[in-house]
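Q: Got a predicted structure here, sequence first:
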Amino acid sequence: MAGPLSATILRGRIATLAGEDGPAWVEAIGIEGGRVVAAGALDDVRAALPASAIETRLREDEAALPGLTDSHLHLAEVALAAVRVDLADAATLDAGLRRVAAAAGDRAEGWIEGKGWDADRWGRWPTAADLERVAPGRAVALWAHDHHALWVSAEALRRAGVDRERADPDGGVIRRDEHGEPTGVLHESAARLVMSRVPRPEAATIARAVTELVPQLLALGVVALHDPGALSLETGLGTAIAAYRSLAADGRLGLRVHACIRPEQLDTALGEGHRSGAPLGEDPLGRLRFGWLKCFADGTLGSRTAALIEPLAAVPGEPLPPNDGFGVWMTEPAELAALAQRAAGGGIGTIIHAIGDQAVRASLDALAPTVGRSPVWPRLEHVQLVGADDLGRFAAAGVAASVQPVHVRSDAAKARHLWGARAEERGYPFGALDASGALVCFGTDAPVEPIDPWPGLACAVTRAAPTWPPGTPPFGPAHAMPLWRAIRAAICNPARSAGEPDRGRLVPGQRADVVVVPLEALAEPVAVGGALWSARPTRVLLDGEVVFER
């Protein structure tokens, strides 16, 4: 195809996603100046464009869709993960320790960072003493698979001043032995005690890493993302946003980004006059926008820190749940409401991490009064357990649900085990939320999960995964979504939640962000592990320009 300013016609099976349901197929779209100028019958599209327009025909086994938006992807953290220790597929503690030992040997000095361990997979909580065996005297900080618990070394604890005299911080738990000594695992806000001592990479380092990552996202059909912010405390707007601004100013950002801040950055954002949806610095291509204030209500399922209405029960031989099984408030409900109100007063929308049903309830209470006070939708992130009385509140209040359906693959067995019958009845209720009229937006939560959006789309429809043991039944099948509702949650709804009326459909006036996929990936019924699960685009356009071709 020609460049973004040339008039072009794309013909074949094209799902415009016009209207509210279904694919809304057309046989052609016309693109000029980076936008769709016509969509419909081929002859009508030809008549709407100059005679010099270049035509490109899809193959019979291809179809085109609008480009995908990942509504929850930590861009800088994913980019930097390539140079950190990855424990995601370390089946045992010893296997994980071997990787830490290798990293200690490769890096003569500085912190050793990484992610991906799981106390359930390893059968116990890891300790600082374990790390001392393979990386003696080194400062080590390793996030759990859900990024809500941090495994640290004795040297890391020493540098952070965490000892038996150090009290648990608000919203956090220091795991201790029977003598009150820290064992080396820090839950929720307690992780900040160490992470505040770990030097953040410079903006230039993040920019290089992001530049290397963006082509991988485009190759998956992801043309836009909402970055919920850094995993560590930062001053000002932080080095990640500085990196994005630098790339955007040079026209090198490569995709569309809404960048969020955390509560400790709110003063700076308000003082500098930033507003949700507004450009974030010099940006000739218009791809970097200010996103939301990101807050945390509770913890996670795996760390047993999700805030629950009914507590978890202690299971003999398993890690004890903190706070008697009721979970952890990372931010108390009254403070959540105050933060959201303060941000809204400056035109900044708020998104809240809320996993347990108690956290979801409190977060809806906090966000409902802020609806309509910024161009973006207030949102709850994750929404993994919802009380029956709260399902209808999302649509009624105008609060969006930003969910990660790929968590069905990784969490189903754990949710059934820890949450029991309520997991099947009220867990990960994407279909029920969508049917209630709620705006449901899909993301991956990378680096907690891989950046590939297609398995999540498939999980939303099938409520099952090919990685499960044979014979495992679907998880909460009543909450499955129809294929084209799921596709809209990955394409139209994130753009709508971000206040972007000109994105998410292939109709006149919309930005020409297009992804071409194998037609079999859109076939119904959707098979577990079938073509949708492993879909790979053959071509991707951003503002009408081909940015990936397989």
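A: Nice, I can see it.
Q: Quick one: mean pLDDT over the helix or strand harbouring L186.
A: Assigned by DSSP states H and E, L186 falls within strand 182-188. Taken as a whole, strand 182-188 has a mean pLDDT of 93.
Q: From the contact counts, what lies against that strand?
A: Here strand 182-188 touches helix 128-134, strand 149-152, helix 154-160, strand 172-176, going by 3 or more CB pairs under 8 Å, 6 or more residues apart in numbering; DSSP states H and E. All C-beta spots, glycine's among them, are computed from the backbone N, C-alpha and C.
Q: what comes into contact with the first one?
A: This means helix 128-134. With CB atoms under 8 Å, 6 or more residues apart in numbering as the contact definition, helix 128-134 has outside contacts at 93, 97-98, 100-101, 104, 138, 140, 151-154, 156-157, 182-184.
Q: So, low pLDDT: which residues of the stretch 251-400 of the chain?
A: Counting by pLDDT under 70, the stretch 251-400 of the chain has no low-confidence residues at all.
Q: Helices of that one, start to end?
A: For the stretch 251-400 of the chain, the helices defined by DSSP state H, counting those that start in this stretch cover 266-271, 333-345, 357-367, 393-397.
Q: I'd like to know which of those helices is closest to A204.
A: Closest approach to A204 among the helices of the stretch 251-400 of the chain (CB to CB): helix 266-271, 20.7 Å.
Q: Report the buried residues of that closest one.
A: Judged by neighbour count using 16 or more other CB atoms under 10 Å, the buried positions of helix 266-271 are 266, 269-270.
Q: what do you get for stretch 243-263?
A: Under the neighbour-count criterion of 16+ other CB under 10 Å, stretch 243-263 has 243-248, 253-263 buried.
Q: What is the neighbour count of A512?
A: 24 (other CB atoms under 10 Å).
Q: er, R426 actually
A: Neighbours of R426 (other CB under 10 Å): 21.
Q: tell me the pLDDT at it?
A: 97.
Q: same question, P199
A: P199 is given a pLDDT of 88.
Q: residues in contact with it?
A: For P199, the contact set (CB under 8 Å, 6+ apart) comprises W111.
Q: R192 versus that one, what's the distance?
A: Remark: distance between P199 and R192 (CB to CB, to the nearest Å) = 15 Å.
Q: Repeat that for R511.
A: The gap separating R511 from R192 is 38 Å, by CB to CB.
Q: quick one, which of those two is more surrounded?
A: Neighbours per residue (other CB under 10 Å) separate R511 from R192, with R511 holding more: 26 against 19.
Q: Need the CA coordinates for stretch 170-189. PDB is fine.
A: Written as PDB, here are the backbone C-alpha positions of stretch 170-189 (Å, rounded to 0.1, in the frame of the first residue of the first chain):
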ATOM      1  CA  ASP A 170      -0.600   0.800  56.000                       C
ATOM      2  CA  GLY A 171      -1.900  -1.400  53.200                       C
ATOM      3  CA  GLY A 172       1.000  -3.800  53.500                       C
ATOM      4  CA  VAL A 173       2.200  -7.000  55.300                       C
ATOM      5  CA  ILE A 174       5.800  -7.900  56.100                       C
ATOM      6  CA  ARG A 175       5.900 -11.700  56.200                       C
ATOM      7  CA  ARG A 176       7.600 -12.900  59.400                       C
ATOM      8  CA  ASP A 177       8.800 -16.100  61.100                       C
ATOM      9  CA  GLU A 178       7.700 -17.200  64.600                       C
ATOM     10  CA  HIS A 179      10.200 -14.800  66.200                       C
ATOM     11  CA  GLY A 180       8.900 -11.800  64.300                       C
ATOM     12  CA  GLU A 181      11.900 -11.600  61.900                       C
ATOM     13  CA  PRO A 182      11.100 -10.700  58.300                       C
ATOM     14  CA  THR A 183      11.400 -13.700  56.100                       C
ATOM     15  CA  GLY A 184      11.900 -12.000  52.800                       C
ATOM     16  CA  VAL A 185       8.400 -11.600  51.300                       C
ATOM     17  CA  LEU A 186       6.700  -8.200  51.400                       C
ATOM     18  CA  HIS A 187       3.000  -8.000  50.500                       C
ATOM     19  CA  GLU A 188       1.300  -5.000  48.800                       C
ATOM     20  CA  SER A 189       2.500  -1.600  50.000                       C
END
